[in-house]
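K.L.:
Sharing a model that was predicted from the sequence below.
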Amino acid sequence: MSVLQIREARKSFGATLALDGLSFELRAGELLGLLGPNGAGKTTLIRAISGRVRLDGGTVAMFGRELAPGMVRKDLGVVPQENALYPLLTARENLETFGRMNGLEGKHLRERTAWALEWTGLVERAGSEVKTFSGGMKRRLNLACGVLHEPKLVLLDEPTVGVDPQSREKIYDMLSALRADGASLLLTTHYLEEAEARCERIVVVDHGKAIATGTLAELVEQAGLGGSLVRMRLDRAATVAPPGFRLDGDAAVLTATIHDVGQELPGLLARVREAGLGVRDLEVRSATLQAVFLQLTGKELRE
Amino acid sequence: MIWLLVRNAWAELARDRAALMLSFVVPLVFFSIFAIIFGGGRGGGSRVTGTSRLRVVVVDESGSDRSRALVQALEADSSLRVIAALPAGSRAPGKPGEPFTRAIAEEWVKRGDVSVALVLPAGIEHSIMSFRGGETVKALLLTDPGDPVAGRLLGGLLQRAALRVSASGGGALDLGPGSAVEEMMPLGFEDRAVLGKKRESPMIAFYAAGIAVMFIMFAAAGGGGALIEETESGTLERVLTTGLGMNGLLLSKWLYLTSLAFVQVCVMFVWGMLVFKLPLLSHLPGFVLITVCTAAAAAAFGLVLAAMSRTRQQLSGLANLVVLSLNALGGSMFPRFLMSESLQKFSLVGFNAWALDGYLKVFWREAPLAALAPQVGALLGFTALFLFVARRLAKRWETA
């Protein structure tokens, strides 16, 4: 079942085209990564879904219902890129404020606040002003304020920007817990490793368009990068590449693409020996998202 | 190397429009505003504001030739604007064109329509140039203690007019031996304050109101700046994705700023009461009414300034310029009733002038609540206007 459907989303800000017919869908219970460089249109899309940007064209539908900018999105939780918190209020007061704004009251609000403090590991600091928190603590609280009202769909705009690896791990644990409770997550990121390791499917966005969508394996296929890359460092420079190899710049390094490592690798080694060359070092790896991105967009994704 | 840095600093200044404005244009604006207000004082008049003459109501109870001549001499004085008959459209009892009575003249001073009234009692004709001091009938000046200059100025001009009457019509110079200095005036007069008899210091209420209004305007502008901070921190974005919306957000800010301004003014007046014997408790209903309306208008005004600004720095510059200008014009630094008539009217473009008028009515003129209707109406009107403008300006924070 489709939780969120974006169809041909278009948006311009003056002469800048932010979204150029972007389309994709988010399935129930999924963690979908929206991957793209800065300025690709990710944040504009998040704002369009949350009703903060009026599209010039195209539609956004949530649970099959088309959304208009002024419409209240009860089942939607938004976790913005900035730590959108009141620094002079305590963690508890921030949670209560955003909980009430999202319709929670009385006992339910108290229960959810207690849950959020537990979930974020901030029980001990519940009464402390947020301005005294570390970056990671603020990130966790920022996340909690967006999901306190138990939304079925959560939009996360770069939720791990500027946090240390340990806090990043904690945040992903929290996201896993949300999914376990039935929420579907749409996450924007420009961290390739995160998208590769955490997201079930990835939408690669560039210049306001979805240029590829699928699992990592599907993206690799779409980019024509199927198979594994073999890289051999030789004991000396080769004058000509043995059959099945390429010489990429460095004459002492041979590369080849194979689809069955067990079957094809012994043959490659034999051909190198037959050419009278020795192998110093050998590396076999699958195509990475980095390679996919480079192949699809023609540029590196810089952090 | 040092000159390079100096040149770079000038280049940076030249490219920063806001800094340029603050460095060169804003001082000129302030200078001009203050020059208009303080340079256009009562004494010399001003080309910018038009001639500023002391308005004085004259009651001729004598009706004699000499008293009429005295009134004519006063009318001929370029420093005075004599009002001897009730003008059309006056709120006071009596028909337009009728001469003033002593009671109506006193009422005009109490209401603040004029700062001083001159009563020429029956028998005054014998006092002009008599130099008999206490033995003769004296002219009576009904004065507003809030304008101490007006009575003294009229007292002096009265002597000049009396001399002119004497020069034209003749008069006995009967200077008895041992006369006191005050008896050596061409026309004796006594001064009676029609307001403020119960007060220890009538100017305290003026200063409390003036300073309080100026500071709540600054505070409201600063408080409104929270909107800019919320934009920068992202909380505004987050709040607007909830069901609250921009209307709810602005309403909450306005209510907060209104309550803050109300408390600030209360603190100022309570301090005035405790330390300077300001009669707060005896004027409580009027004070509360005017303070609530003033606080509401100041809060909405602060939201307008905040919604006009893109950064805290812009807001700070704008608030300094607008708040100080409005307060110079509106009478926080210099009483409006001492300004020229045209400037007094012009200053009503600022809500703070209405607020100060309201406080003056309450504390000075002992006006009943009903008499505050124009001020309350104006302040509420300004509030509605400011809220409307702030809401329109806040659209830029809404859906892009």
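P.N.:
Thanks, I have it.
K.L.:
Quick check: pLDDT value at residue B:359.
P.N.:
Residue B:359 carries a pLDDT value of 91.
K.L.:
Which helix or strand contains it?
P.N.:
Secondary structure assignment for residue B:359, by DSSP states H and E: helix B:351-363.
K.L.:
what packs against the helix-or-strand element of chain A with minimal mean pLDDT?
P.N.:
Within chain A, no helix or strand scores below helix A:289-297, which has a mean of 77 by mean pLDDT, DSSP states H and E. With contacts taken as 3 or more C-beta pairs under 8 Å, 6 or more residues apart in numbering or on different chains; DSSP states H and E, helix A:289-297 sits against helix A:192-198, strand A:201-206, strand A:209-214, helix A:216-222. For every residue, glycine as well, the C-beta is placed using N, CA and C.
K.L.:
Next, the buried residues of that helix.
P.N.:
Neighbour-count burial for helix A:289-297, counted by 16 or more other C-beta atoms under 10 Å in any protein chain shown, picks out A:289, A:291, A:292, A:293, A:295, A:296, A:297.
K.L.:
And stretch B:365-372, by the same measure?
P.N.:
Of the residues in stretch B:365-372, those scored as buried under the neighbour-count criterion (16+ other C-beta under 10 Å) are B:365, B:366, B:367, B:372.
K.L.:
what comes into contact with it?
P.N.:
The contact list for stretch B:365-372 (C-beta atoms under 8 Å, 6 or more residues apart in numbering or on different chains) reads B:110, B:111, B:112, B:195, B:283, B:285, B:286, B:289, B:290, B:358, B:361, B:362.
K.L.:
One more: stretch B:98-117?
P.N.:
Applying C-beta under 8 Å, 6+ apart, the external contacts of stretch B:98-117 come out as B:54-61, B:83-86, B:91-94, B:119, B:141-144, B:146-147, B:150-151, B:154, B:194-195, B:337, B:360-361, B:364-367.
K.L.:
Could you pull up the mean pLDDT of that stretch?
P.N.:
Mean pLDDT, stretch B:98-117: 85.
K.L.:
next one: stretch A:66-86
P.N.:
Per-region confidence: stretch A:66-86 scores 86 on mean pLDDT.
K.L.:
Ok, stretch B:26-42 next?
P.N.:
Confidence over stretch B:26-42 (mean pLDDT, whole number) is 68.
K.L.:
Stretch B:230-249 now?
P.N.:
Mean pLDDT, computed over stretch B:230-249, is 85.
K.L.:
Which parts of that stretch count as buried, going by neighbours?
P.N.:
Residues of stretch B:230-249 classed as buried: B:230, B:233-242, B:246, B:249 (neighbour count, 16+ other C-beta under 10 Å).
K.L.:
How about exporting the helix holding residue B:359 as PDB, limited to the C-alpha atoms?
P.N.:
Listed in PDB are the C-alpha atoms of helix B:351-363, where the atom choice follows Å, rounded to 0.1, in the frame of the first residue of the first chain:
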ATOM      1  CA  PHE B 351      -0.500  55.900  18.600                       C
ATOM      2  CA  ASN B 352       1.800  57.000  21.400                       C
ATOM      3  CA  ALA B 353       0.500  60.600  21.200                       C
ATOM      4  CA  TRP B 354      -3.000  59.300  21.900                       C
ATOM      5  CA  ALA B 355      -1.700  57.100  24.700                       C
ATOM      6  CA  LEU B 356       0.000  60.100  26.400                       C
ATOM      7  CA  ASP B 357      -3.100  62.200  25.900                       C
ATOM      8  CA  GLY B 358      -5.100  59.400  27.700                       C
ATOM      9  CA  TYR B 359      -2.700  59.300  30.600                       C
ATOM     10  CA  LEU B 360      -2.800  63.100  30.900                       C
ATOM     11  CA  LYS B 361      -6.500  63.100  30.900                       C
ATOM     12  CA  VAL B 362      -6.600  60.500  33.600                       C
ATOM     13  CA  PHE B 363      -3.900  61.900  35.900                       C
END
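K.L.:
buried residues in stretch A:189-202?
P.N.:
Buried residues in stretch A:189-202, counting neighbours by 16+ other C-beta under 10 Å, are found at A:189, A:190, A:191, A:192, A:194, A:195, A:196, A:198, A:199, A:201, A:202.
K.L.:
on that earlier part again, which of the contacts of stretch B:98-117 fall within helices?
P.N.:
Of the positions in those, B:150, B:151, B:154, B:360, B:361 sit in helices, assigned by DSSP state H.
K.L.:
Taking those together, which two end up most distant?
P.N.:
Farthest apart among these by C-beta to C-beta are B:154 and B:361. That separation is 23.3 Å.
K.L.:
More neighbours: which of those two?
P.N.:
Set residue B:154 next to residue B:361 and count neighbours by other C-beta atoms under 10 Å in any protein chain shown: residue B:154 wins out with 27 against 22.
K.L.:
what residues are up against the more buried one?
P.N.:
Applying C-beta under 8 Å, 6+ apart, we find residue B:154 in contact with B:54, B:56, B:80, B:116, B:118, B:141.
K.L.:
neighbour-wise, which of those residues leads?
P.N.:
Using other C-beta under 10 Å as the neighbour criterion, residue B:118 leads the contacts of residue B:154 with 29 neighbours.
K.L.:
Identify the residue nearest it in space, chain neighbours excluded?
P.N.:
Of all residues not flanking residue B:118 in the chain, residue B:58 sits nearest, at 4.9 Å (C-beta to C-beta, 6 or more residues apart in numbering or on different chains).
K.L.:
With residue B:87 instead?
P.N.:
The shortest distance from residue B:87 to any non-neighbouring residue, by C-beta to C-beta, 6+ apart, is to residue B:96 (6.3 Å).
K.L.:
again with residue B:139
P.N.:
With C-beta to C-beta, 6+ apart as the measure, residue B:189 is the residue that lies nearest to residue B:139, at 4.0 Å, once sequence neighbours are left out.
K.L.:
measure the one you found to chain A for me?
P.N.:
Summarising the geometry, the distance separating residue B:189 from chain A, computed by C-beta to the nearest C-beta, to the nearest Å, is 63 Å.
K.L.:
tally of neighbours for that residue?
P.N.:
Neighbours of residue B:189 under the rule other C-beta under 10 Å: 21.
K.L.:
what does residue B:314 give?
P.N.:
16.
K.L.:
same question, the one 10 residues further on
P.N.:
Taking other C-beta under 10 Å as the neighbour definition, residue B:324 ends up with a count of 20.
K.L.:
list the contacts for it?
P.N.:
Counting by C-beta under 8 Å, 6+ apart, residue B:324 touches residue B:30.
K.L.:
what's the pLDDT at it?
P.N.:
Turning to residue B:324, the model gives it a pLDDT of 87.
K.L.:
Checking the residue positioned nearest the centre of chain A next. Helix, strand or coil?
P.N.:
Residue closest to the average C-alpha location in chain A (C-alpha atoms, centre = their mean): residue A:33, at 3.5 Å. Reducing the assignment to helix, strand or coil with DSSP: H, G, I helix; E, B strand; the rest coil, the entry for residue A:33 is strand.
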